[in-house]
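Visitor: Just need the structure, nothing else, for what follows:
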Amino acid sequence: MIFLDDMKDYIDSLNLNIDVFEANMPPKPDNCITAVEYAGLPYMQGQTTTYGLQLMLRCLPQNYAEMYEKLNAITQSLVEIGYEEGTMPEGKMINNHLYLRIYMPESGVIPLGEDDNGRMLMSKNFYVVKGEI
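Guide: Next up, the predicted model:
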């Protein structure tokens with residue numbers, strides 16, 4: 001199972017009633033999130049692997065507030081993983097893979113404008129530290 005499968009399954013488990021896709025955003029539905037992997041931090045022998053995760057949100061303008069809140073709920077749940085003062089300081093097992101920490105390299109959303117159909121696009125970036133078990 002690949003890293004994006006785990007992230008999609010975890011987001012789906014939050015029961016936020018949003019379609020979640022991996023790697024590529026299909027033309028429909030109008031309101032959805034796509035998890036995309038990008039370059040993480042440099043790998044050092046004997047250390048954990050750190051992946052880059054981008055969550056891309058697409059929504060109709062009239063659904064902006066609702067979808068923004070769902071993206072925030074996902075963000076809050078992800079950054080709880082490995083947060084020392086949070087509910088999951090030891091990390092989180094997802095599909096038999098240990099995730100030690102998920103954090104954002106910057107705060108806020110990245111506005112990406114609109115697509116060809118006038119749907120709003122935005123993203124959030126994360127680093128995901130995966131443990132070895």
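Visitor: Grab the most central residue of this protein for me.
Guide: Centroid-nearest residue in the chain: residue 55, 4.5 Å away (criterion: C-alpha atoms, centre = their mean).
Visitor: State the helix or strand in which it lies.
Guide: strand 49-59 (DSSP states H and E).
Visitor: Show me what that strand is packed against.
Guide: Here strand 49-59 touches helix 3-13, strand 32-38, helix 64-80, strand 120-130, going by 3 or more C-beta pairs under 8 Å, 6 or more residues apart in numbering; DSSP states H and E. Just so you know, the C-beta spots here come from the backbone N, C-alpha and C atoms, and that holds for glycine as well.
Visitor: Now render those as JSON lines, adding mean neighbour count and mean pLDDT.
Guide: Output for these, formatted as JSON lines (neighbours: other C-beta atoms under 10 Å; pLDDT from 0 to 100):
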{"stretch": "helix 3-13", "mean neighbour count": "18", "mean pLDDT": "96"}
{"stretch": "strand 32-38", "mean neighbour count": "18", "mean pLDDT": "95"}
{"stretch": "helix 64-80", "mean neighbour count": "16", "mean pLDDT": "96"}
{"stretch": "strand 120-130", "mean neighbour count": "19", "mean pLDDT": "94"}
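Visitor: returning to what we had before: what sits against the closest residue to the residue nearest to the centre of the chain other than its chain neighbours?
Guide: Closest residue to residue 55 apart from its sequence neighbours, by C-beta to C-beta, 6 or more residues apart in numbering: residue 124 at 5.1 Å. The contact partners of residue 124, taken as C-beta atoms under 8 Å, 6 or more residues apart in numbering, are 54, 55, 57, 71, 75, 104, 108, 109, 110.
Visitor: measure the fourth one to residue 36 for me?
Guide: Which is residue 71. 14 Å (C-beta to C-beta, to the nearest Å).
Visitor: got it, and the second one?
Guide: Using C-beta to C-beta, residue 55 is found at 8 Å from residue 36.
Visitor: Kindly report the same for the third one.
Guide: According to C-beta to C-beta, residue 57 stands 12 Å off from residue 36.
Visitor: again with the first one
Guide: If you measure residue 54 against residue 36 using C-beta to C-beta, the figure is 4 Å.
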